[in-house]
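Asks: My questions are about this predicted structure, shown below with the sequence.
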Amino acid sequence: MNNYNKLISSEKIYSILKKPITTEKSTNLQQFNQYTFLVSKESNRNEIKQAIEKIFKVKVTKINTSIIRGKAKSFKGNFGFRNDTKKAIVTLKEGNTIDASVEIK
(Lines give C-alpha, C1' and ligand atoms only; values in the text may rest on other atoms or scores of the structure.)
Protein backbone atom coordinates (compact mmCIF):
# COMPACT_ATOMS: atom_id res chain seq x y z
CA MET A 1 0.00 0.00 0.00
CA ASN A 2 1.48 3.35 -1.01
CA ASN A 3 1.50 6.54 1.09
CA TYR A 4 -1.24 8.20 -0.94
CA ASN A 5 -3.99 5.81 0.13
CA LYS A 6 -3.28 5.92 3.88
CA LEU A 7 -6.23 6.80 6.09
CA ILE A 8 -5.70 9.82 8.29
CA SER A 9 -6.76 10.12 11.93
CA SER A 10 -9.77 12.09 13.13
CA GLU A 11 -7.55 14.60 14.95
CA LYS A 12 -5.59 15.38 11.80
CA ILE A 13 -8.76 15.88 9.75
CA TYR A 14 -9.70 18.98 11.72
CA SER A 15 -6.17 20.38 11.51
CA ILE A 16 -6.18 20.09 7.70
CA LEU A 17 -9.32 22.15 7.03
CA LYS A 18 -9.14 25.62 8.56
CA LYS A 19 -12.19 27.45 7.23
CA PRO A 20 -14.34 27.95 4.13
CA ILE A 21 -13.53 30.98 1.99
CA THR A 22 -16.60 33.12 1.30
CA THR A 23 -15.76 35.69 -1.35
CA GLU A 24 -17.78 36.77 -4.35
CA LYS A 25 -15.70 34.55 -6.63
CA SER A 26 -16.00 31.47 -4.40
CA THR A 27 -19.76 32.03 -4.06
CA ASN A 28 -20.09 32.09 -7.86
CA LEU A 29 -18.18 28.78 -8.06
CA GLN A 30 -20.85 27.07 -5.94
CA GLN A 31 -23.23 27.00 -8.91
CA PHE A 32 -20.70 24.64 -10.57
CA ASN A 33 -20.58 22.46 -7.41
CA GLN A 34 -17.16 23.82 -6.39
CA TYR A 35 -16.32 24.97 -2.86
CA THR A 36 -13.25 26.84 -1.62
CA PHE A 37 -11.44 26.17 1.67
CA LEU A 38 -8.40 27.51 3.48
CA VAL A 39 -6.27 24.45 4.30
CA SER A 40 -3.04 23.61 6.08
CA LYS A 41 0.08 24.33 4.01
CA GLU A 42 1.51 20.88 4.80
CA SER A 43 -1.55 18.95 3.55
CA ASN A 44 -1.73 17.25 0.17
CA ARG A 45 -4.67 16.61 -2.15
CA ASN A 46 -5.40 13.13 -0.81
CA GLU A 47 -5.53 14.32 2.80
CA ILE A 48 -7.80 17.21 1.83
CA LYS A 49 -10.10 14.84 -0.05
CA GLN A 50 -10.36 12.46 2.92
CA ALA A 51 -11.03 15.35 5.31
CA ILE A 52 -13.82 16.85 3.14
CA GLU A 53 -15.45 13.45 2.61
CA LYS A 54 -15.38 12.55 6.32
CA ILE A 55 -16.52 15.91 7.71
CA PHE A 56 -19.26 16.75 5.19
CA LYS A 57 -20.13 13.17 4.05
CA VAL A 58 -19.92 14.00 0.33
CA LYS A 59 -18.09 12.55 -2.67
CA VAL A 60 -15.16 14.60 -4.02
CA THR A 61 -14.27 14.28 -7.71
CA LYS A 62 -11.45 16.83 -8.08
CA ILE A 63 -9.24 19.12 -5.99
CA ASN A 64 -7.21 22.13 -7.16
CA THR A 65 -4.75 23.63 -4.69
CA SER A 66 -2.70 26.81 -4.76
CA ILE A 67 -0.39 28.57 -2.35
CA ILE A 68 -1.15 32.26 -1.92
CA ARG A 69 1.91 34.35 -1.15
CA GLY A 70 1.72 36.65 1.87
CA LYS A 71 1.32 40.36 1.24
CA ALA A 72 4.11 42.83 2.01
CA LYS A 73 3.13 45.01 4.96
CA SER A 74 4.66 47.86 6.92
CA PHE A 75 3.74 48.41 10.58
CA LYS A 76 5.21 51.35 12.55
CA GLY A 77 8.19 51.51 10.22
CA ASN A 78 8.90 47.76 10.35
CA PHE A 79 8.64 45.99 7.00
CA GLY A 80 7.54 42.38 6.76
CA PHE A 81 5.31 39.85 5.06
CA ARG A 82 2.12 38.12 6.08
CA ASN A 83 2.21 34.34 6.23
CA ASP A 84 1.67 32.30 3.07
CA THR A 85 -1.62 30.39 2.93
CA LYS A 86 -2.93 27.43 0.95
CA LYS A 87 -6.31 27.35 -0.75
CA ALA A 88 -8.18 24.31 -2.08
CA ILE A 89 -11.02 24.42 -4.61
CA VAL A 90 -13.00 21.21 -4.20
CA THR A 91 -15.31 19.88 -6.93
CA LEU A 92 -18.08 17.60 -5.68
CA LYS A 93 -19.95 14.83 -7.45
CA GLU A 94 -23.32 15.83 -8.91
CA GLY A 95 -26.06 15.88 -6.29
CA ASN A 96 -23.71 16.55 -3.36
CA THR A 97 -23.71 19.94 -1.61
CA ILE A 98 -21.99 21.55 1.35
CA ASP A 99 -23.57 24.15 3.59
CA ALA A 100 -20.86 26.82 3.21
CA SER A 101 -22.02 28.73 6.30
CA VAL A 102 -20.92 25.88 8.60
CA GLU A 103 -17.98 26.77 10.84
CA ILE A 104 -15.21 24.16 11.09
CA LYS A 105 -13.89 23.54 14.59
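Replies: Okay, I see it. Numbers count the residues shown, from 1 in each chain.
Asks: Gln50 belongs to a helix?
Replies: Yes - counting by DSSP: H, G, I helix; E, B strand; the rest coil, Gln50 is part of a helix.
Asks: Report pLDDT for it.
Replies: Looking at Gln50, its pLDDT is 94.
Asks: How many residues are close by it?
Replies: Residue neighbour count, defined by other C-beta atoms under 10 Å, stands at 19 for Gln50. C-beta: built from backbone N, CA, C; applies to glycine.
Asks: For Phe79, what is the enclosing helix or strand?
Replies: Using DSSP states H and E, Phe79 maps to strand 78-81.
Asks: which other helices and strands contact that strand?
Replies: The contact analysis (3 or more C-beta pairs under 8 Å, 6 or more residues apart in numbering; DSSP states H and E) places strand 78-81 against strand 72-75.
Asks: Give me the distance between Gln30 and Thr91.
Replies: Separation of Gln30 from Thr91 (C-beta to C-beta, to the nearest Å): 11 Å.
Asks: for the residue nearest to Ser74 when sequence neighbours are not counted, what are its contacts?
Replies: Once flanking residues are discounted, Ser74 sits nearest to Gly80: 7.7 Å by C-beta to C-beta, 6 or more residues apart in numbering. Listed by C-beta atoms under 8 Å, 6 or more residues apart in numbering, the contact set of Gly80 reads 72-74.
Asks: Angles on the backbone of the residue of the chain positioned farthest from its centre, please.
Replies: Here the centre of the chain is the reference, and by C-alpha atoms, centre = their mean the most remote residue is Gly77, at 33.8 Å. Phi and psi for Gly77, reported as degrees, to the nearest 10, are phi 90, psi -10.
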